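> Need a 3D model of the following:
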Amino acid sequence: MTEAATDLIAIINDMHSYGLEYSRGLDGHNVVTAIMHEYDLDLQGALYWLSGYATSTVSKFLSDRHTFLHGVQARCVRGYDQWSYETKRYYGQKGSEPRDEAYLTRDQLQITVA
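Numbering: from 1, shown residues only. Predicted coordinates for the structure are as follows:
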């Protein structure tokens, strides 16, 4: 996700700055110039190529973001579940014991609440 975001920032910057850099003779480090030389393309061809690359990078970013966010959500749920056992809040001293023995029965719960 970070790599795709970094690529998109560079692509966007170089697409916006190409005209100014070219007019000043400073386009040597611009990705548009690099694409033109690498693939023997004219300016329009390089922009088409870059547009396709940017589209696939956006798709990768969105896919990674989706996976990343689901991973974070899953970790939060799992972490909360583990916290419930490790603290004494719900199961007292039995939280670290095997799960079958750690659960309180309704009768035990009533005694604890009373």
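> tell me the mean pLDDT over the helix or strand where Arg75 lies?
Taking DSSP states H and E as the definition, one finds Arg75 inside helix 43-86. Mean per-residue pLDDT for helix 43-86: 84.
> helices or strands up against it?
With contacts defined as 3 or more C-beta pairs under 8 Å, 6 or more residues apart in numbering; DSSP states H and E, the packing partners of helix 43-86 are helix 2-23, helix 31-39. Every C-beta, even on glycine, is put in place using the N, C-alpha and C of the backbone.
> Can you give me the buried ones in the last one?
It stands for helix 31-39. Of the residues in helix 31-39, those buried by neighbour count under the rule 16 or more other C-beta atoms under 10 Å are 31-33, 35-36.
> Same question for stretch 42-51.
With burial defined by 16+ other C-beta under 10 Å, the residues of stretch 42-51 counted as buried are 46-47, 49-50.
> Name the residues that touch that stretch?
By C-beta atoms under 8 Å, 6 or more residues apart in numbering, the list of residues contacting stretch 42-51 from outside reads 11, 15, 31-33, 35-36, 39, 41.
> May I have it as PDB, with CA atoms only?
As requested, C-alpha coordinates have been extracted for stretch 42-51 and formatted as PDB (Å, rounded to 0.1, in the frame of the first residue of the first chain):
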ATOM      1  CA  ASP A  42       6.700  10.500 -28.100                       C
ATOM      2  CA  LEU A  43       5.200  12.700 -25.300                       C
ATOM      3  CA  GLN A  44       1.600  11.600 -26.000                       C
ATOM      4  CA  GLY A  45       2.600   7.900 -26.100                       C
ATOM      5  CA  ALA A  46       4.500   8.300 -22.800                       C
ATOM      6  CA  LEU A  47       1.400  10.000 -21.200                       C
ATOM      7  CA  TYR A  48      -0.800   7.100 -22.400                       C
ATOM      8  CA  TRP A  49       1.700   4.600 -21.000                       C
ATOM      9  CA  LEU A  50       1.800   6.500 -17.700                       C
ATOM     10  CA  SER A  51      -2.000   6.700 -17.600                       C
END
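> Understood, closing this out.
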